[in-house]
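> sequence and computational prediction follow.
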Amino acid sequence: MIAWHSGSAVRHRTPTPGAGRRVSPIWFQCIVFAALGGCGLNERLPAPVFSPAAAAAQAIALYDKNGDGVLDEKELEKCPALKSALEKMDTNNDKRLSAEEIAARLTLHQQAGIGITTVACKVWANHGPLEAATVRLIPEPFMGSAFQPAAGVSDANGAVDLRIDGSKYPGVHCGFYRVEVSKTDGAGRESLPARYNAQTTLGAEVAPDMRGGLVFKLTTENKR
């Protein structure tokens with residue numbers, strides 16, 4: 001069993017025209033992050049600019065291999081980030097994702113106006129915390145060039161401080177990510193299976209309405 005600890009994540013939002021409500025802090029599980037301080041932070045961390053409809057259309061173009069205009073469960077295997085959010089996005093419960101369903105989810109991201117959000121993250125291997133592993137979040141291609149990768153290294157408890165490459169502030173953009181987890185030995189040899197890095201099957205959505213952190217449970221045993 002995993003012992004969960006409640007913590008907090010503080011968002012920094014860029015005002016959206018016509019939006020009158022304030023986005024409140026969202027409580028996450030796993031680990032506690034300190035609030036990002038400083039006046040004028042919103043100006044330095046604007047929300048990525050993108051078109052939800054265009055991004056959704058590109059997602060269909062990338063992964064709809066049978067040309068029926070939707071992504072079925074087999075096609076979603078190639079996009080683990082969308083697969084991880086299928087239950088939330090599949091509004092008609094047909095176990096598939098349409099461009100309209102993807103665009104609706106991305107519109108929620110856009111309307112939140114969040115520049116970056118801190119995300120509680122833990123990585124486990126064989127039922128225990130994995131130390132000194134690099135966790136990298138790579139935006140799905142359909143998210144566009146405004147979205148930047150983020151990464152962090154796990155501590156002795158498996159906790160990861162994720163932040164955008166080159167940023168002094170912890171946090172990542174809301175969006176859909178392919179996830180790579182890597183741990184190398186002193187000679188630079190990868191110790192984790194390729195399904196977690198070079199040929200990753202891991203994906204995640206970082207969303208404005210998240211009610212928990214990211215937890216990646218790995219196993220180093222050979223799969224048969």
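It's in.

> direction included, what does the lengthiest strand in the chain pair up with?
Under DSSP state E, the strand in the chain containing the largest number of residues is strand 175-182. Paired strands of strand 175-182, with direction, are strand 134-139 (antiparallel), strand 202-206 (antiparallel) (DSSP bridges).

> with just CA atoms, put the helix or strand following the last one into CSV.
Spelled out, that is strand 202-206. Using DSSP states H and E, the helix or strand that follows strand 202-206 towards the C-terminus is strand 214-218. This file holds the C-alpha atoms of strand 214-218, laid out as CSV (Å, rounded to 0.1, in the frame of the first residue of the first chain):
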residue,chain,number,x,y,z
LEU,A,214,1.5,12.3,-10.5
VAL,A,215,2.6,8.8,-9.3
PHE,A,216,4.5,6.5,-11.6
LYS,A,217,4.7,2.9,-10.4
LEU,A,218,7.5,1.0,-12.2
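
> where does the protein dip in pLDDT?
Within the chain, the stretches falling below the threshold (pLDDT under 70) are 1-44, 222-224.

> which residue of it lies farthest from its centroid?
Computed with C-alpha atoms, centre = their mean, the maximum C-alpha offset from the centroid of the chain is found at Ala187, amounting to 30.0 Å.

> next, the buried residues of stretch 167-181.
169-181 (16 or more other C-beta atoms under 10 Å). Where you see a C-beta, it was placed from the backbone N, CA and C, and this is true even at glycine.

> count of residues packed around the residue nearest to Lys95 when sequence neighbours are not counted?
Sequence neighbours aside, Glu73 is the residue nearest to Lys95 in space, at 5.7 Å (criterion: C-beta to C-beta, 6 or more residues apart in numbering). Residue crowding around Glu73 was assessed by other C-beta atoms under 10 Å; the count is 11.

> ok, now Val70?
Per other C-beta under 10 Å, the neighbour tally for Val70 reads 18.

> please apply the same query to the one 4 residues further on.
Other residues near Lys74 number 9, with proximity taken as other C-beta under 10 Å.

> element containing it?
Taking DSSP H and E as the criterion, the element that holds Lys74 is helix 73-76.

> can I get that helix in CSV, CA atoms only?
Once non-C-alpha atoms are left out, helix 73-76 reads as follows in CSV (Å, rounded to 0.1, in the frame of the first residue of the first chain):
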residue,chain,number,x,y,z
GLU,A,73,-8.5,2.2,-27.3
LYS,A,74,-5.9,0.6,-29.5
GLU,A,75,-4.9,4.0,-31.1
LEU,A,76,-4.7,5.6,-27.7
